[in-house]
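> just coords:
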């Protein structure tokens, strides 16, 4: 009840989680679950595998919550763990990733075709390239946040996005994407 | 296509509803997890043959050096506990440990992980001088009598971490992923170990005999129950590295947590002078278990089944000795 009446800040929840409060950690993940699932789905293209990957990543994050630097936000740290988990999963289930699956929802035939083309194009990128495309164009992250998540400079994040878009271009006829 | 057009294209390609009840399932699974937030990491599922050979070689040399160093350090600490001049005061020792641990804890924060090698070499290179400084500080210090055993163990842990970080730098330079994974696993044991033991050192105080006996009895019970629940005696086949890295690694984690908690407890609630001799024997045997765990860690990381099996056997023998020590302590009741 205390959590409902007096919602705790992210900093307070992180401190409580570091002290072993599993409820606080679960509460932290309530807001992180949607972006984490989207990152996992964007990397794996399989909803079931994405849910499993987020769950495994959450277990890892719980075990390592003590490593989260004081004052840091949970999101970039947790998304990095999710991405890492997807890398491991992807390495062992590439055959099923390559098959792909159509996204949910009703769309026109042209839209579906275009979407499938882009999905196929994404699958041809390396894990790192796909990750940066997902962070930038699916989670709509600014370069600064991408940089924090990947532990790189903002300039490097911008360069990597440019490189990934350049790799996508011949596949989906992206012309002159300026990033 | 301009960048602003790429946003809707990617959304269109990937947008999907969140799985119904997904967060609730996650929350439910998290609640079933152990309360202690610190646990060792997961082993990689696949190992290249070349990577394994290189790493196994490094690991065997590292464990031999670490165990030898730990034994030398312990004997040195016990036989010649005061190198020069008077012992450092307990408060000065605690102050030094607090500062060195704070630096190391910051240096150990890294994005590097199993299968995720971003920044591994760079982060390891930064951690090396910090760990080395901690070791140098310990070497320069005439350890207070209360911390002689834990000090020797800490040096062994830090040496192993240092070996792992150095191997990580070399593996990163060679861009050898499996070797980076193994080096990382070797280096990481000290992170969990110090996170438990350092707070115990900082809050250490001498307790009376009944309190000490009750505490020792309690931790012996937990250790004994681990013999059953951790599968050390009943199902050692669970720790078969060829196809079951994860159970084997979980087994290591469960056992390591028990011993580390026991060690931390003996430091936090220091024995009264009347039980000092019994406590010294118990701490020596618990320290021996820590040495075995250091070797076991490297064996698991290096995919060395013989080393893993030997470690389990040695730990069983070690637990029997600890049981005997605790019996002796409990029999002092009323003496």
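Okay, I see it. The structure presented is a predicted model; accordingly, all values stated were derived computationally and were not measured.
> make it CA atoms for all contacts and neighbour counts henceforth
OK.
> all strands for the stretch 101-250 of chain B, in order.
For the stretch 101-250 of chain B, the strands defined by DSSP state E, counting those that start in this stretch cover B:205-206.
> which parts of it sit against chain A?
Residues of the stretch 101-250 of chain B lying close to chain A by C-alpha under 8 Å from any C-alpha of the partner chain are B:105, B:106, B:108, B:109, B:111, B:113, B:115, B:116, B:118, B:119.
> mind running it again at 6 Å?
B:109, B:116 (C-alpha under 6 Å from any C-alpha of the partner chain).
> tell me the centre residue of chain A?
residue A:39 (2.5 Å; C-alpha atoms, centre = their mean).
> show residues contacting the helix or strand encompassing that one.
Using DSSP states H and E, residue A:39 sits in helix A:22-44. Residues from elsewhere that reach helix A:22-44, judged by C-alpha atoms under 6 Å, 6 or more residues apart in numbering or on different chains: A:13, A:17, A:47, A:50, A:79, A:134, B:27.
> and these as CSV, adding secondary structure?
Shown next, in CSV, are these (DSSP: H, G, I helix; E, B strand; the rest coil):
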residue, secondary structure
A:13, helix
A:17, helix
A:47, helix
A:50, helix
A:79, helix
A:134, helix
B:27, helix
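> about what we covered before: okay, buried residues for the helix holding residue A:39 please.
A:22-29, A:32-44 (16 or more other C-alpha atoms under 10 Å in any protein chain shown).
> for stretch B:99-111, same thing?
B:100, B:101, B:103, B:104, B:105, B:107, B:108, B:109, B:110, B:111.
> average model confidence for that stretch?
Across stretch B:99-111, pLDDT averages out at 85.
> repeat for stretch A:51-71
Mean predicted confidence for stretch A:51-71 is 85.
> ditto for stretch B:179-199
85.
> buried residues in it?
By neighbour count on 16+ other C-alpha under 10 Å, the buried set for stretch B:179-199 is B:179-194, B:196-199.
> equivalent analysis for stretch B:147-158, please.
In stretch B:147-158, counting by 16+ other C-alpha under 10 Å, buried: B:147, B:148, B:149, B:150, B:151, B:152, B:153, B:154, B:155, B:156, B:157, B:158.
> can I get the residues you listed in CSV with distance to residue B:285?
CSV is the format used below for those (distance: C-alpha to C-alpha, whole Å):
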residue, distance to residue B:285
B:147, 15
B:148, 13
B:149, 10
B:150, 12
B:151, 15
B:152, 13
B:153, 12
B:154, 15
B:155, 17
B:156, 15
B:157, 16
B:158, 20
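> identify, from those residues, the entry nearest to residue B:5.
Lowest distance from residue B:5 to the buried residues of stretch B:147-158 (C-alpha to C-alpha) belongs to residue B:158, with 52.3 Å.
> kindly provide the distance from the closest one to residue B:104.
10 Å (C-alpha to C-alpha, to the nearest Å).
> with residue A:138 instead?
37 Å.
> just residue B:185 next, same as before
Distance from residue B:185 to residue B:104, by C-alpha to C-alpha: 17 Å.
> can you check residue B:19 too?
According to C-alpha to C-alpha, residue B:19 and residue B:104 sit 40 Å apart.
> quick one on the thing from earlier: okay, the contacts of helix A:22-44 in TSV with distance to residue B:92 and neighbour count next?
Below are the contacts of helix A:22-44 laid out as TSV (distance: C-alpha to C-alpha, whole Å; neighbours: other C-alpha atoms under 10 Å in any protein chain shown):
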residue	distance to residue B:92	neighbour count
A:13	33	20
A:17	31	23
A:47	55	20
A:50	51	25
A:79	41	25
A:134	51	25
B:27	44	20
